[in-house]
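S.K.: Provide a 3D model corresponding to the input given below.
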Amino acid sequence: MAAKHIMPMSEPASTSQPWPPAPPRVTGFAGKPELGLPMFDVLEAVGLGVWDWNLVTRRAYVSPSLKALYGYQPGEAFDLELDAVTHAEDLPAMHRDRQAHWDGLTPYYKNEHRVRHKAGHWIWVLTRGLVVARDAQGKPLRMTGFHVDITVRKQAELQHTLTRERLELALQGTHDGLWDWDLSNDKLYCSPRFMALLLYSDADEFNEVFTFRAHLHPDDVRRVTGLVRAHIDGQLPSFDAEYRLRCRDGSYRWFHGRGMVARNASGQAVRFAGHITDISDRIAADEAHQTLQVQLRESQKQEALGQLAGGVARDFSQLLGIAQTQLGALSAELAGHPAWLARLGAIEQATQRADNLARQMLAFSRQQSQHRVVLDLCAVVAECLDTLEPTLPPGVVLQRQLASGPLKVLADAAQVCQLVRELWRNACQSFGVTGGTVQVRVVPDAMQHGATLVVKDDGQGMPPDVLARAFEPFFSTHSPGAGAGLGLPVVQALVLAHQGRVTLDSAPGRGAQVEVWLPTVAAMPPAPNPLPPVSVAAERASAPRGVAGGHIVYIDDYEAMVYLITRMLRKRGCRVSAFERAEDALALVRAHPADVDLLVTDYNMPGLSGLDVVRQVKAWRADLPVVITSGHVTPAMTAEALAEGVLLVLSKQDSVEAMADQLASVLAGLPKRE
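M.R.: Purely as a prediction, here's the structure:
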C-alpha cells in the first residue's frame, strides 16, 4: 500500500461505506506508509509482523516480517484476502473479538487463530491490534497491530493435553476409593480405601459423619451436585468431575471422581457407583507450573517493556535536552518581553514534566547510570524529606521516624531520593481531597543485615484486584494526566538494582504500607575519585569556562547536538571543531595532532564507533585526552572505555548545558602542555 492510502491519525475521514467493513486485502505493494508511530519500527526490529489496515479503502500494509511469517520472500507478490487464508473454524471467534474492539467494548483487539502458510500447512498466530483513528460518529477508520508465530507453543499445549489424558487413564488402575449409592433406599457404601483417602480409619466414625454434600468444598458444591443431578436425570452419559473433599483433620484434598448410574427397565436410576482418585499432588504441580509460567511471562514482559521504555526514554531525553537548551536561550533573548516569557515558562514546565517521565521510564528499565557509594540511608532520606515537606498537599501531615545511628548502604543517592519521591507521591495521591498522615520510617531489620524504609499512609487503600496489579507498568487508577502508572514499577526497579526487595500491603479503608529492604555494609571502602564529580562542575558554572586557546574536537552524528554543544562550549571560551562524521574529525586530528587539547566523541555512531575513534587517535597521539558520551552508559561500557585510555565517560541524560559545563570543567582541569 502506498503511503497516500493511510488515513492520518489526527484527521480521521468519515466514510459512507457499509459497516462493518469487509476484510482487508493485501495487494502486493511494498511501500511503507507514513505511520506516524515510531513504535512500528521498534516492533519490526524485534521481529514482529506489523500490519496497518485502512478500513475505508480496505487495504493493508504488511511488514517484511509478516510476509515472511506467511512464507513469502521480500520481493515476492503478496496479493491475499487475509480472512480467506484464516482457518474456517477460527473465523467466528476472530470476527467476534475484532468487532468487540471496533464497538469500543475492549481496549484492544487480541486473538489466536490459524492461518495458511504459502507451503500449504497451517500455522498458529497471536494477533494484537488497536484502532488508532475513528470518525466523528466513533466508527473506526484505521487499525494497526502485529502478528506473532505461536505454533510451537500451541503444539506444546496439545502435547500437554495428550499427556494429561494418558495420565488419567493410568490413574484408573491405581488403588482408588470406591462408592456404591443405593438410590432407592438412599444408602451409601464406601470402600476402606475411600475412607483411608479421607484419613478415616474407623468405619463406624466415617459412616456416622460422612455425607458427600457436607464434605464437598463450599466452592465446589453447586457445580458438582449439578453434575450428579444431570447424570441421574439422563442429561449426561456419566459423571466425571474434579473436586475437593474435607478430610478428617479438616484439610481439603483434590479428587477425580467418575461414576455411572444403573437403571431399571423403566429407565429410572436405581444405583450410582463409581470411584475417586486422589489428584492433590497433580493439582499442586499444575498450580506450581502455572505460577512459574505466570512468573516467566511476567519476567519476559517486564524485560521487553524495560528494553522498549529504555530505548524510547534515552532518545526522548536527548531531544528534550536540546529543547530545554533552546528554551533557555530564547528566554535570555526575550528577557524584555514578559508575555513571551510567560508562554516560554509554560513550555518549560511541560518539558520538565516530560523529562521527569523519561527519567521514570529509564529507572523502570534499569538503564540509568549509577554512582553507588557507601552512604547513610537515614541521612539521605532525611534530606529528601526536607525538600518534599514544603510541598505537602493541604491536610496531609508528615511523621518521620529515622534510626538514631547511621545505617550504611551501598547505593546511588540520587536514585534513593527518586525512590522516596515516588513513594511520597503515591502516598499523597491516596488521600484525594480528604487529607491524612504519611509515616516514613527507617529502621534496621531484625537480623541487622539490612535497613528497612517504610512509607505508610492512612488513605483509601487498594482493593485486591488493584493490589495485584500495583507493580504492573503503566497501570494506573488515576484519571488521565494524573499519573503514568510508573510510580511503583520505578520503585521496584530501583530496589532490584540495589539488590533489595520491596513489599506492598494494602486493603480498602486501611491505607497502604510499602516496605523497602536494602542490604547494609559494615564500613566505607576506599573509592578513588580522580575526576571532579558532576556537582563540582556545576559549582564552577558561574566562573569563566575554558583555557585560552583550548581546542576541543567534538564528534556526534546528531546534527542538533553538534550545533548546540558547539554553541555552549564557545560561550564558555572554548575553541571548538565539531563534526558529524568521525572520518572528518580523524583527518583533522591526524593532520594537526598537537593542536587538539581534548577530543569528545559519541559512543554509538554509524561507521566508526567511539572506541574505534579512540584507538585511531591514540595511535597518532597517545597522550590526547578523550571523553566518550552516550545516552546509555553501562558499567561494561565504562570499563572497556577506560581500558582503551579514555579519560571520562559522560551520560547524555543530563541537559546540553550541563554537559557543556562538564566538558569545559574537564578542559580547565587538564595539565598545561609545554
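
S.K.: How is the chain divided into domains?
M.R.: Domain assignment for the chain by automatic domain parsing gives 3-155, 172-278, 303-365, 373-519, 545-669.

S.K.: What's the end-to-end length of the fourth one?
M.R.: In this case it means domain 373-519. Using CA to CA, to the nearest Å, the span of domain 373-519 from its first residue to its last is 13 Å.

S.K.: what's the average pLDDT for that domain?
M.R.: Mean pLDDT, domain 373-519: 80.

S.K.: Give me the distance from it to the chain's centre.
M.R.: When C-alpha coordinates are averaged (CA atoms, centre = their mean, to the nearest Å), domain 373-519 and its chain have centres 20 Å apart.

S.K.: Repeat that for the second one.
M.R.: The chain centroid and the centroid of domain 172-278 are separated by 47 Å, computed with CA atoms, centre = their mean.

S.K.: now the stretch 551-674 of the chain, which segments are flagged as low pLDDT?
M.R.: Along the stretch 551-674 of the chain, segments meeting pLDDT under 70 span 653-655, 673-674.

S.K.: One more pass at 80, please.
M.R.: By pLDDT under 80, the weakly predicted segments of the stretch 551-674 of the chain are 560-561, 563-564, 631-635, 651-658, 672-674.

S.K.: can you pull out the strands in it?
M.R.: For the stretch 551-674 of the chain, the strands defined by DSSP state E, counting those that start in this stretch occupy 551-555, 575-579, 598-602, 626-630, 648-651.

S.K.: Quick one: closest of those strands to residue 250.
M.R.: Distance to residue 250, taken as CB to CB, is lowest for strand 648-651 among the strands of the stretch 551-674 of the chain, at 59.9 Å. Where C-beta positions appear, they are placed from N, C-alpha and C, glycine not excepted.

S.K.: Could you list the paired strands of the closest one along with their orientation?
M.R.: Within its sheet, and counting by DSSP bridges, strand 648-651 is paired with strand 626-630 (parallel).

S.K.: Now do the buried residues in the partner strand.
M.R.: Of the residues in strand 626-630, 626, 627, 628, 629, 630 count as buried by neighbour count, 16 or more other CB atoms under 10 Å.

S.K.: Give me the contacts around that strand.
M.R.: Outside strand 626-630, the residues that touch it by CB atoms under 8 Å, 6 or more residues apart in numbering are 556, 598-604, 610-611, 613-614, 617-618, 637, 641, 645-652, 659, 663, 666.

S.K.: what does stretch 219-236 give?
M.R.: Residues outside stretch 219-236 that contact it (CB under 8 Å, 6+ apart) are 183, 213, 216, 237-241, 243-244, 257, 259-261, 267, 269, 272.

S.K.: what comes up buried for that stretch?
M.R.: 220, 224, 227, 228, 231, 232.

S.K.: Just the CA trace of that stretch, in PDB.
M.R.: Taking Å, rounded to 0.1, in the frame of the first residue of the first chain, the C-alpha atoms of stretch 219-236 are listed here in PDB:
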ATOM      1  CA  ASP A 219     -16.900 -23.600  46.300                       C
ATOM      2  CA  ASP A 220     -17.500 -27.000  44.600                       C
ATOM      3  CA  VAL A 221     -21.000 -27.800  46.000                       C
ATOM      4  CA  ARG A 222     -23.100 -26.200  43.300                       C
ATOM      5  CA  ARG A 223     -21.000 -27.400  40.400                       C
ATOM      6  CA  VAL A 224     -20.500 -31.000  41.500                       C
ATOM      7  CA  THR A 225     -24.100 -31.600  42.800                       C
ATOM      8  CA  GLY A 226     -25.300 -30.100  39.500                       C
ATOM      9  CA  LEU A 227     -23.300 -32.700  37.500                       C
ATOM     10  CA  VAL A 228     -24.500 -35.500  39.700                       C
ATOM     11  CA  ARG A 229     -28.200 -34.500  39.200                       C
ATOM     12  CA  ALA A 230     -27.700 -34.000  35.500                       C
ATOM     13  CA  HIS A 231     -26.300 -37.600  35.100                       C
ATOM     14  CA  ILE A 232     -29.000 -39.100  37.300                       C
ATOM     15  CA  ASP A 233     -31.600 -37.300  35.200                       C
ATOM     16  CA  GLY A 234     -30.100 -38.700  32.000                       C
ATOM     17  CA  GLN A 235     -28.700 -35.400  30.700                       C
ATOM     18  CA  LEU A 236     -25.100 -36.600  30.900                       C
END
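
S.K.: re the thing from before, show me which of the contacts of stretch 219-236 are buried.
M.R.: Buried among the contacts of stretch 219-236 by 16+ other CB under 10 Å: 183, 216, 239, 241, 243, 244, 257, 259, 260, 261, 269, 272.

S.K.: Among those, find me the one that's closest to residue 388.
M.R.: Using CB to CB, residue 244 comes nearest to residue 388 of the buried ones among the contacts of stretch 219-236, at 50.3 Å.

S.K.: thinking again about what came up before, can you select the buried ones among the contacts of strand 626-630 for me in ChimeraX?
M.R.: The ChimeraX selection below is limited to those of the contacts of strand 626-630 classed as buried (16+ other CB under 10 Å):
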select :556,598,599,600,601,602,603,610,611,613,614,617,637,641,646,647,648,649,650,651,652,659,663,666
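
S.K.: Now do the contacts for the residue of the chain most remote from its centre.
M.R.: Distance from the C-alpha centroid of the chain, by CA atoms, centre = their mean, peaks at residue 265 (65.0 Å). By CB under 8 Å, 6+ apart, residue 265 lies in contact with nothing.

S.K.: wait, residue 395 sits on residue 436?
M.R.: Yes: in this structure, residue 395 is within contact of residue 436 by CB atoms under 8 Å, at 7.3 Å.

S.K.: Look at residue 378 and say how many residues are nearby.
M.R.: Residues within reach of residue 378, counting by other CB atoms under 10 Å, total 21.

S.K.: Tell me which helix or strand it sits in.
M.R.: For residue 378, the host element (DSSP states H and E) is helix 377-388.

S.K.: pull the CA atoms of that helix into PDB?
M.R.: Coordinates of each C-alpha in helix 377-388 appear next as PDB, following Å, rounded to 0.1, in the frame of the first residue of the first chain:
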ATOM      1  CA  LEU A 377      20.300   5.800  54.400                       C
ATOM      2  CA  CYS A 378      18.800   7.800  57.300                       C
ATOM      3  CA  ALA A 379      20.700  11.000  56.200                       C
ATOM      4  CA  VAL A 380      19.700  10.600  52.600                       C
ATOM      5  CA  VAL A 381      16.000  10.000  53.400                       C
ATOM      6  CA  ALA A 382      16.000  12.900  55.900                       C
ATOM      7  CA  GLU A 383      17.500  15.300  53.300                       C
ATOM      8  CA  CYS A 384      15.000  14.200  50.700                       C
ATOM      9  CA  LEU A 385      12.000  14.600  53.100                       C
ATOM     10  CA  ASP A 386      13.300  18.100  53.900                       C
ATOM     11  CA  THR A 387      12.900  19.100  50.300                       C
ATOM     12  CA  LEU A 388       9.500  17.400  50.000                       C
END
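
S.K.: Distance of residue 628 relative to residue 659?
M.R.: According to CB to CB, to the nearest Å, residue 628 stands 12 Å off from residue 659.

S.K.: Find the residues that touch each one of these two.
M.R.: With CB under 8 Å, 6+ apart as the test, residue 628 and residue 659 both reach residue 650.

S.K.: List the buried residues in the helix holding residue 378.
M.R.: Quick answer for helix 377-388 (16+ other CB under 10 Å): 377, 378, 380, 381, 384, 385, 388.

S.K.: which among those gets closest to residue 65?
M.R.: Nearest member of the buried residues of helix 377-388 to residue 65, counting by CB to CB, is residue 384, at 46.0 Å.
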